[in-house]
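# just a sequence and a predicted model for now, questions to come.
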There are 2 protein chains.
Amino acid sequence: MSFPRRYRHTLTGRASAAGDESRARVLEVALELFAASGFRGTSVAQIAERAGLSQAGLLHHFPSKATLLTAALDYHDDREGSLLEIDGKPPLGWAAFDALTGLVARNAQRPHAVRLFVTLGAEALDPDHPAHEWIRNHYESLAAWLAAAVEFGRERGEMCPDTPVDQLVRLTIAAMDGLQLQWLVSDRKIDMVEEFRHYVEHQKNTWSRP
Amino acid sequence: MSFPRRYRHTLTGRASAAGDESRARVLEVALELFAASGFRGTSVAQIAERAGLSQAGLLHHFPSKATLLTAALDYHDDREGSLLEIDGKPPLGWAAFDALTGLVARNAQRPHAVRLFVTLGAEALDPDHPAHEWIRNHYESLAAWLAAAVEFGRERGEMCPDTPVDQLVRLTIAAMDGLQLQWLVSDRKIDMVEEFRHYVEHQKNTWSRP
DNA sequence: GTCTATAGGAGGATAGAC
DNA sequence: GTCTATCCTCCTATAGAC
């Protein structure tokens, strides 16, 4: 579902070590600045400066600003993609909720990863935004992943047969997103990990098979 | 807590009827476009065109783009402010949750009101953004309002004595925000009103005094 | 692969006429 | 109160030298 290294020059031959290093540095910086100020609020020149090259130098690696954004998002997904898997398999039943709690805990250590979603998620509601497909895909995958986990937990008897799957999935994603937003707005004063953990505990108490 | 009409020229004398009308039209259009594309993504000229005057004509009423934004937000708060009051008094106990459900239902009819919060909320995380104080204030007021309502419901005996006030407040706001986001991302395919209603029902079942 | 230079455009804000 | 004209800054992208 993601296409890592899509823009690597290795497709057309071997890139130089220096080039690959520049490229990676640019992507890191791009993620940081896009997360802080969004796509529209960040200029290519700003990214270039922080990455230690000129604007034209940067655009040698990425033909356009939009291309840079999608490349940065692929780069991000590459590194985060396996977070919701254990040994290459997705966790099922309540274990999926524990994995989400782990994700929230990890996010609490990296505010800019959270902000990437909040900032770009809002901007990319516009169908013309270069990250529009990315954000839709993100929500769709996450919901499908969680729904499959709950479905399995129900069939296996770990959860009540009358667990409202879709409702639980939507509310769980909403809780995660909403708490992250409050966490950012409050200058990280609220403990979103603890809040989410309570939420998950509560759902376990409610829907676990007696 | 809000300062309506702060920028009205009536402070310095009587403005012409034509001027007031232009001004109101500009504010309406500004809210719409800022909601759709954010502060950075909207130009003064775009707003002016849709409002039926020139860019310079618009800037006669509002000295700068940032001033226009804050004026538009005040204008918005003026019209929405009483939504969480009944007869000038805030609803208390579970009635507050019903009022929130009503708000969600009303929002479902006006997508751009929802988008205003999502779009500007994300942009305004930046402390330098002209709406930064506005969004912080919004969350703070909402949380205080809901916490007071829950506190009252607990003391009055409508809710369990061991209701976790802050937790319930944060989760409720998170659920509302998160569901609204999914609603927008999914092109309004999910029924956020029904989802939120289920959430509230569930909380009532959990924390009502037996 | 990286640079300087520059084209070409958009945006915010001001000056001054009516 | 509204307009036209203009200034100045910032941005994306390209051309061409090294």
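Thanks, I have the structure now.

# going forward, measure contacts and count neighbours with C-alpha atoms only.
OK.

# got a list of contacts for stretch A:123-139?
With contacts defined as CA atoms under 8 Å, 6 or more residues apart in numbering or on different chains, stretch A:123-139 is touched by A:38-39, A:66, A:69-70, A:120-121, B:36-38, B:119, B:182, B:184-186.

# could you list which of those residues also contact DNA strand D?
residue A:66 (CA under 7 Å from any atom of the strand).

# out of the contacts of stretch A:123-139, which end up buried?
In terms of neighbour count (16 or more other CA atoms under 10 Å in any protein chain shown), the buried residues within those are A:38-39, A:69-70, A:120-121, B:36-38, B:119, B:182, B:184-185.

# let's have those residues in CSV, adding pLDDT and secondary structure.
Shown next, in CSV, are the buried ones among the contacts of stretch A:123-139 (pLDDT from 0 to 100; DSSP: H, G, I helix; E, B strand; the rest coil):
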residue, pLDDT, secondary structure
A:38, 98, coil
A:39, 98, coil
A:69, 98, helix
A:70, 98, helix
A:120, 98, helix
A:121, 98, helix
B:36, 98, helix
B:37, 98, helix
B:38, 98, coil
B:119, 98, helix
B:182, 98, helix
B:184, 98, helix
B:185, 98, helix
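
# now those in TSV, with distance to residue A:127?
Listed next are the buried ones among the contacts of stretch A:123-139 as TSV, based on distance: CA to CA, whole Å:
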residue	distance to residue A:127
A:38	16
A:39	14
A:69	15
A:70	15
A:120	12
A:121	12
B:36	11
B:37	11
B:38	14
B:119	14
B:182	15
B:184	11
B:185	10
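
# and those residues, which is closest to DNA strand D?
Nearest to DNA strand D among these: residue A:39, at 7.6 Å, using CA to the nearest atom of the strand.

# hmm, back to that, how about the contacts of stretch A:123-139, which pair is most distant?
For these, the farthest-apart pair by CA to CA is A:66 and B:182; their separation is 24.3 Å.

# run through the helices of chain A in chain order.
Listed in chain order, the helices found in chain A under DSSP state H are A:17-37, A:44-51, A:55-61, A:65-80, A:94-107, A:111-123, A:132-156, A:165-185, A:192-207.

# the third one near DNA strand C anywhere?
Yes: with CA under 7 Å from any atom of the strand as the measure, helix A:55-61 is seen reaching DNA strand C through A:55, A:56, A:57, A:58, A:60, A:61.

# which helices and strands sit right next to that helix?
helix A:44-51 (3 or more CA pairs under 8 Å, 6 or more residues apart in numbering or on different chains; DSSP states H and E).
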